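Participant: Predicted model follows, preceded by the sequence.
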Amino acid sequence: MKNIVVLGGSGFIGRHVCEALNRAGVRMTVPTRHLPARSVQMLPMVSVVQADVHDPVQLAALLQGHDAVINLIAILHGTQAEFDKAHVQLPKQIAQACLASGVKRLVHISALGADTSAPSMYQRSKAQGEEVLHSFAAQGLALTLLRPSVVFGQDDAFITLFAKLQALAPVVPLAGAHTRFQSVWVNDVAQAVVYALLHGNTAGQTFELVGPQIFSLQQLVEHAGVWAQHPRWVIPLPHALAYVQAWLMEMLPGPTLMSRDNVASMQVDNVARGDKPGLADLGVASPATLGQVFALP
């Protein structure tokens, strides 16, 4: 691969993917709506361009002259229409633009728990996006699907968010406290993305990207408190009260920290089913543990 497009390259996972691609000597184009994209623009193999990838005309022009596309674009909060736009319609437009531009390779980051019968709009829309892409794979698109669990890292909005909350709050009332997660380190995800891109034999497959440990959400929050040196008492909320808390958090100004759709998604554990290949099949022999990344005892 000589020249690829990384959609969502300036986001949390995208930054690490671009760094890994840069180390591999792969030249990248990273579109963004708003310049500059300081998170990646200093990488020597990255060209940052201003574009609206939701515009089919701009997207088709962007893909011209490239060998492959990595799609990392996703949202965690929104309405049914917003989830459909980001997770179903955009992948469809990407696949159409790929075939129209002669780009035959697409690595698409979906989500662990993607299922058309899942309890949340997020999970269902991710599965619907996969179905759309499979229809284009039947037309000659070499598609690899990656399904990561919750991704953590020292610059994330997950562990670090709970760490910051515990620095401020005396207690942490927690929705979905008993839901289990098989969280995965962002650098391991980035390495897996690069491996999938550079190895054509991963096309036509779906991979589950999970870490080596399973924790309940309560345990993850407690670990975050230890890392921040502000461990607090975590109070599990009953399901009905969790929805009320999420509704109130949706009403607050600023970025949404927890939504009712998030609470719905936590009705099912976010762990690998074990019926699909994983990180070991993508060159990640020893995935990092939470303790290794955050230097926990």
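Facilitator: Arrived safely.
Participant: in the stretch 1-150 of the chain, which spans are strands?
Facilitator: Here the stretch 1-150 of the chain has its strands, by DSSP state E, counting those that start in this stretch, at 3-7, 27-32, 46-50, 68-71, 105-109, 142-148.
Participant: Nearest to Phe294, out of those?
Facilitator: Each of the strands of the stretch 1-150 of the chain has some distance to Phe294 by C-beta to C-beta; the shortest is strand 142-148, at 18.1 Å. C-beta here means a position set from N, CA and C on the backbone, and glycine is covered the same way.
Participant: The closest one pairs with which strands?
Facilitator: Paired neighbours of strand 142-148 in the sheet (DSSP bridges): strand 105-109 (parallel), strand 206-209 (parallel).
Participant: Of those strands, which stretch is the most buried?
Facilitator: Of all the strands paired with strand 142-148, strand 105-109 has the most neighbours on average by mean count of other C-beta atoms under 10 Å, namely a mean of 24.
Participant: before we move on, back to that, how about the strands of the stretch 1-150 of the chain in TSV, adding distance to Leu248 and mean pLDDT?
Facilitator: Listed next are those as TSV, based on distance: least, C-beta to C-beta, whole Å; pLDDT from 0 to 100:
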stretch	distance to Leu248	mean pLDDT
strand 3-7	33	97
strand 27-32	33	95
strand 46-50	37	93
strand 68-71	33	98
strand 105-109	31	98
strand 142-148	29	98
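Participant: pLDDT value on Met1, please?
Facilitator: Note on Met1: pLDDT of 66.
Participant: Tell me where the stretch 151-297 of the chain has strands.
Facilitator: Under DSSP E, counting those that start in this stretch, the stretch 151-297 of the chain gives strands at 151-152, 171-174, 180-181, 184-185, 206-209, 215-216, 233-236.
Participant: how far does the second one sit from the chain's center?
Facilitator: Chain-centre distance of strand 171-174: 25 Å, with C-alpha atoms, centre = their mean, to the nearest Å.
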